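>>> for reference, the sequence and a predicted model appear below.
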Amino acid sequence: MPVIPAQLVVAPASLTREQVQARLLAGQTLLNDSADHLLEVVAVLESYGEVLDAYSKNLIYQAEQQFLNPLPIFKYLDGDFSLAKIWRHLNHDRINFEYAEYCMKAMLWHGTGGLDAYLDGEAFAANCATIIAAKRGRDPLLALLHPLAPAFLPELIRTAATVHALGQFWRVMSDLFLDLAAAERDGRVRSIPAVVEFIKQGLVAAAANPITYGVQIGGQQHWVLPPEAGLTFLVDVAVPYVEAVFLRGMPFLGTVSFNAQAQQISPDQAQFAYGALYADPLPSMGAGIPPSLLMQDMYRHLPESLHRWYQHQGRGEGDVRVKICMSFQKAMFCVTNAAINGTMPHALATEVPDEQAANAAYALAWATRLAAGRTDCLGGLTAGI
Amino acid sequence: MLLTALLLIPFLGTLALLVWPGSPSPQQLRLGTIAILSLQLLVALLVLAGFDIHQGGMQLLEQHRWLPGLGLDYSLGIDGLSLPLVLINAALTLVAAVITRDIDKRPRIYFAMLLLISGAVNGAFLAQNLLLFFLFYELELIPLWLLISVWGGANRSYAATKFLIFTAISGMLILGAFLGLALLTGSADFSLTPVLSDRLAMGGQLVLLIALLIGFGIKIPLVPLHNWLPDAHTQASTPVSVLLAGVLLKLGTYGLLRFGLGLFPEAWAKLAPVLAIWAAISVLYGSLAAIAQTDMKRMVAYSSVGHMGYVLLAAAANTPISLLGAVFQMVSHGLISALLFLLVGIVYRKTGTRDLEVLRGLLNPEKGLPLTGSLMIVGVMASAGLPGMAGFISEFLVFRGSINAFPVATLLSMVGSGLTAVYFLLLVNRAFFGRLAITPPSGDPLVDSRQDVRLAVVAPRETIPAITLVAAVVALGLIPSGLSRISEVATTAMSALSPGVG
């Protein structure tokens, strides 16, 4: 057996379930506090914020302007059909909006939370019927298509609703991450606990924001997600997003292949653990998770401070997307950390035994899921990546 | 004078390195060697420029009496068989010097030995006197032994000694055959031109030919005389493996064609059916053994055993096409095996292992060795004989030229060609596809995916020699007419020596 030099392979220690639970209950951050971590998390979230801004605008454009377009070939152009824009698109000088759609599909497929419940309800079906009736009169192709495949257009509307909801969610997150970067520059955020607290405050502030979606057909407003549905930012979109993209994800053909026939993939979607927090940061150059396309996009907007830091790690520019993914994973643990802190049943300082028990159970449930993830990125072993 | 220059340049270069005053740094010695070998390549190209492709016999002849009492003359010449091999020698020795980096001990001797080997190989290919050939054939033995035993891997002493014993026996058999020829013909003339064997009875011819077959069969090597090669390759450093596979094995096939077929054409025709079967066995054994290997270098070494079998098959068939195929195979194998050993060397340098049970995912675009992996895929495709590359032309010519003479042996050899694809796909699949890893798999892909593998990046200059070889392999595959024009007249003339079987 060959003797492999130790410095060529590094496998940092993972946190156990108990360690994750203990950190959550003690009010400690999951990610160790260090200057490098602060630089990585804030800067990578800043670039993520820039990318989410583009994703959000495009998703909302798609849902509103490309609504029920069966051949949306210009959906990534945001309504700008100039030759220069088309050339840049074809030349791949553009944001990978495919990644945003991938996340939307993950949400649609896993279907958890209030949004999914509403999309399966009678009120939504009634809205669909009204919208399709209005649209059929103006679009002969849809008039022909609907009787042939009656479930097709409602499914397109369901998709469009998820697209719009994700666009609204990312609008908030984009602003939050860009504000975080500004706060760090102003000196208001100087540590990882401050980052987690800042994100938690942002999530809490936006928690009750209504999620609505309407389309214009023939100058008339039609609601897809009406205000009376009562859908809100945190419970109906943010939590299902975290569930679908951070935790469950999809088994993909990346560098690790899974064989469904050999029961390597659970038949129960709830047991899936292929999300961003579990992902192998080595790129497969696909659209899945690890999100190589997202890394390309974030690389376009990488703050110079983090870019310079990466130059001195590993292969410098050569493996920069892997390093972005590793930093991104740390940042996503911080966001998850903030979400858990924000949804803890009771204050951590409570001295009521029942409330303490409830908190412990809540933390344990999260710790059980997170301990199977890439907690090896949390330990602070960042020197010489 | 050009041919003498091909000897003087490396030999005087050896001397110059040895007497270089002061303490030249390894880098200075390397650059000096590269300069000398570049000059040698230039002279080899001048020989090519001065070569008349329409003339069948020896050209640029240089003859001086040396020790007439012994029958030893300084007699050099070149034809369409030896010219491609002289060019390959010049090119691959230069590649070997270029890829020698971080030489840690006795760099002066190392580079001197490299030059000495190159000069001796030139001499062997150019010699028109049997004893002169033998002198050069033996001259390359000691430097190569030193290169393995001093600059080799952990088990280098064993491999070097084994190499020395095998090739010493090879030399003894060849010398015995040459002396036997003189004894039986009653002539002390060892010059290559007179066909001395005409005066020999068939029994005598057969005995001498069998001695040559075993002697050169060790060098090629043919199964079951191949035992020294995988060990020598495994323990040799990458530049030495490049030389060994690319150039030195060709001394065996060249000797077989020049002296076996050239001196004893009638006996050759009698033994040809046996040789064809021997070739098929060698091809199949080499290929099957390669499949079983888990060391990348041993796998490439066994592939050499298999691929050299094609040359014996072509020589056995002895048709104009098959002999042309033999020349193509010698050249293409020289280029392809040099390429493969070079790439395996890069993998070994970066990962510390060549173990196919350990290496995975090296094609990873960001943290692996993507360009090395891509070149390896091109190399194995060429070795497996895919159209558009040198391997296809040579195998096609060998099979096309041999199928009428020995259909069964040819078909079996074609199976061996298919097996090349099998073992090289195994190599590529294991080492280059999947999740990047250089440690044994744990059995749980998720645990393996937690490993951060930190391989050093392959600098562009490390890949330039491999890219050059790939370009040569593709060029020979796409424009084979250049080489065929050089060799066709010579191989056609050679096949006319014997009644043949084809």
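Everything's here; your move. Predicted model, so just to flag it, every value in this text is computed and none were measured.

>>> how about A:Leu38, secondary structure?
Per DSSP: H, G, I helix; E, B strand; the rest coil, the local secondary structure of A:Leu38 is helix.

>>> right, and it touches A:Ile192 too?
Yes. Under the criterion of C-beta atoms under 8 Å, A:Leu38 is in contact with A:Ile192, at a separation of 6.0 Å. From N, CA and C alone the C-beta is placed, and that goes for glycine too.

>>> what about these two, which has more around it?
Relative neighbour count places A:Ile192 above the other of A:Leu38 and A:Ile192, with 26 against 18, counting by other C-beta atoms under 10 Å in any protein chain shown.

>>> report the contact partners of that one.
When contacts are counted by C-beta atoms under 8 Å, 6 or more residues apart in numbering or on different chains, A:Ile192 touches A:Thr29, A:Leu31, A:Asn32, A:Asp33, A:Ser34, A:His37, A:Leu38, A:Val41, A:Cys334.

>>> and the nearest residue to it once chain neighbours are set aside, how many neighbours does it have?
Leaving out its chain neighbours, the residue that sits closest to A:Ile192 by C-beta to C-beta, 6 or more residues apart in numbering or on different chains is A:Asp33, at 4.2 Å. For A:Asp33, the tally of surrounding residues (other C-beta under 10 Å) stands at 16.

>>> just the CA trace of the helix or strand bottoming out on mean pLDDT in chain B, in PDB.
Evaluated with mean pLDDT, DSSP states H and E, the helix-and-strand set of chain B has its lowest mean pLDDT in helix B:445-448, which scores a mean of 75. What follows is helix B:445-448, C-alpha atoms only, in PDB (Å, rounded to 0.1, in the frame of the first residue of the first chain):
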ATOM      1  CA  PRO B 445     -18.800   7.500  -0.700                       C
ATOM      2  CA  LEU B 446     -20.000  10.200   1.700                       C
ATOM      3  CA  VAL B 447     -17.000   9.600   4.000                       C
ATOM      4  CA  ASP B 448     -14.800   9.800   1.000                       C
END
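
>>> what's that helix in contact with?
A:Val256, B:Arg435, B:Ala437, B:Pro441, B:Ser442.

>>> strands - which of those land there?
When DSSP state E is applied, the contacts of helix B:445-448 are split such that none fall in strands.

>>> against which helices or strands is the helix or strand harbouring A:Val51 packed?
Assigned by DSSP states H and E, A:Val51 belongs to helix A:35-65. Here helix A:35-65 touches helix A:97-110, helix A:152-186, helix A:192-206, strand A:213-217, helix A:292-300, helix A:304-311, helix A:320-342, going by 3 or more C-beta pairs under 8 Å, 6 or more residues apart in numbering or on different chains; DSSP states H and E.

>>> buried set for the helix or strand following it?
Later in the chain than helix A:35-65, the nearest helix or strand by DSSP H and E is helix A:83-90. Buried residues in helix A:83-90, counted by 16 or more other C-beta atoms under 10 Å in any protein chain shown: A:Lys85, A:His89.

>>> what's the angle from helix A:83-90 to helix A:97-110?
With axes from the mean of the first three to the mean of the last three C-alpha atoms, to 10 degrees defining the directions, helix A:83-90 sits at 60 degrees from helix A:97-110.
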